[in-house]
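Peer 1: Provided below are the primary sequence and the corresponding predicted coordinates.
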Amino acid sequence: MSVELRFLMAALAAWRLASMLAKHDGPGRVLVRIRDAAHLNIGDGGVACTKCIGVWVAIPFAWFVCNDIAGWIVAWLALAGATALIEDWLQPAFEWREARSDELLPTEPDRRAE
């Protein structure tokens, strides 16, 4: 199997695992239990950063790509970067939000009350 194919497979697998660990509960809340066991719950919402988790998830996948230490370090950083890029590509370009009527213009004090 070529190194390019190994890298592509590892990048997709690292992104998917990081995304699952960061954002999903899993069947039977198994991913919640994994996050609890690893003490990954920070604050009320838990870990929501796929990019951050992707740095750590990429470590074992780097060995799949390259077996020597120098290549492993480069593959690790490249896979972490690929995880972040995939996460950015999957975000919407912008989010439309309707403004309420009272948000359109600055409000002036009601002078009739004076």
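Peer 2: Thanks, I have the structure now. All of these numbers come straight from a predicted model, not from anything done at the bench.

Peer 1: which parts of the worst-scoring helix or strand of the chain on mean pLDDT are buried?
Peer 2: Among the helical and strand segments of the chain, the one scoring lowest on mean pLDDT, DSSP states H and E is helix 30-37, with a mean of 81. Judged by neighbour count (16 or more other Cβ atoms under 10 Å), helix 30-37 contains these buried residues: 31, 35. C-beta here means a position set from N, CA and C on the backbone, and glycine is covered the same way.

Peer 1: On the three-state scheme, Ala93 is what?
Peer 2: coil (DSSP: H, G, I helix; E, B strand; the rest coil).

Peer 1: cool, and the one 4 residues further on?
Peer 2: The three-state label for Arg97, taken from three-state DSSP, comes out as coil.

Peer 1: tell me, how many neighbours does it end up with?
Peer 2: Other residues near Arg97 come to 7 when the count uses other Cβ atoms under 10 Å.

Peer 1: Please tell me how far it sits from Asp88.
Peer 2: Between Arg97 and Asp88 the computed distance is 21 Å (Cβ to Cβ, to the nearest Å).

Peer 1: Check Ser2 too.
Peer 2: Distance of Ser2 to Asp88, given as Cβ to Cβ: 26 Å.

Peer 1: which one of these two has more residues nearby?
Peer 2: Asp88 (10 against 7).

Peer 1: Which secondary structure elements does the strand or helix carrying that one sit against?
Peer 2: With elements delineated by DSSP states H and E, Asp88 resides in helix 69-89, which encompasses its position. With contacts defined as 3 or more Cβ pairs under 8 Å, 6 or more residues apart in numbering; DSSP states H and E, the packing partners of helix 69-89 are helix 3-23, helix 50-65.

Peer 1: That helix versus helix 3-23: what angle between them?
Peer 2: Here the directions of helix 69-89 and helix 3-23 differ by 60 degrees (axes from the mean of the first three to the mean of the last three Cα atoms, to 10 degrees).

Peer 1: List the buried residues for helix 69-89?
Peer 2: Judged by neighbour count (16+ other Cβ under 10 Å), helix 69-89 contains these buried residues: 72, 75-76, 78-80, 82-84, 86-87.

Peer 1: Thank you kindly, that will do.
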